[in-house]
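In: my questions concern the predicted model and sequence given below.
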Amino acid sequence: MSFTIWLSLFAICLLGAMSPGPSLAIVAKHSLAGGRQHGLATAWAHAFGIGVYALVTVLGLSVLLHQFPLVFKGISLLGALYLAWLGYNALRSKGGIVERLESGKQVSVMTAAKEGLFISLLSPKIALFFTALFSQFVAIGSELSDKAIIVFTPLVVDGLWYTLITFMLSSPRLLNKLKSKAKLIDQLSGLVLILLAVRVVTTL
């Protein structure tokens, strides 16, 4: 896999991690209620779940690509439409990232980690996102090393992003900066998602 292709994978994984949703809410809740240790446990347990999803998705799409190419193309097209829909919603967002920052009752570190893991494993949004995202990269990277990169990139990106969120929530100055740029982040994410959807369609 070339560096340019990996950079595309990295960028879209980062945008996926940044998009507001229950994952951000659960990390924010435990970071605000339990502190940095709880937030980090939630973040990396969530990232592990992302890695599991990525592995399953890559293996499944690889089978479809080789045995049922027409089905693979159909899934890729549906995935592109889903990415475009996510992008459209992000462009219309009014600071969705901030709206997900909420506190809650403090629990044990283990409970925080379990909630982080389950919120990633049980999210249909994540399953759809990975199917939409990975279809183009699975078609490009057939080597085992490529598949490993496709799996580990979202895991590490997700863990590092929510680690950053955890540190932000423990620093009022950084949190205020995040709030002030939330709408811009949403709009940029929406634009990139739509462009990615166009790219998927044009390469089918």
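Out: Nice, thanks for sending it over.
In: so which elements touch the helix or strand where S8 lies?
Out: Element membership for S8 (DSSP states H and E) is helix 3-18. Using 3 or more C-beta pairs under 8 Å, 6 or more residues apart in numbering; DSSP states H and E, the elements in contact with helix 3-18 are helix 124-140, helix 144-169, helix 182-202. Using the backbone N, CA and C atoms, a C-beta is placed for each residue, glycine as well.
In: which SSE is immediately downstream of it?
Out: helix 22-34.
In: and the angle for the following helix or strand past that next one with helix 3-18?
Out: With elements assigned by DSSP H and E, the helix or strand that comes after helix 22-34 is helix 36-67. Helix 36-67 runs at 130 degrees relative to helix 3-18, counting by axes from the mean of the first three to the mean of the last three C-alpha atoms, to 10 degrees.
In: hmm, which helix or strand of the protein has the shakiest average pLDDT?
Out: When each helix and strand of the chain is scored by mean pLDDT, DSSP states H and E, helix 96-99 comes last, with a mean of 50.
In: dump the residue contacts of S145.
Out: M1 (C-beta atoms under 8 Å, 6 or more residues apart in numbering).
In: the residue of the chain most remote from its centre and G60, how far apart?
Out: Relative to the mean C-alpha coordinate of the chain, counting by C-alpha atoms, centre = their mean, the farthest residue is Q67 (27.9 Å). Relative to G60, Q67 is positioned 11 Å away (C-beta to C-beta, to the nearest Å).
In: I'd say H30 and M110 touch.
Out: No - between H30 and M110 there is no contact under C-beta atoms under 8 Å: 11.4 Å.
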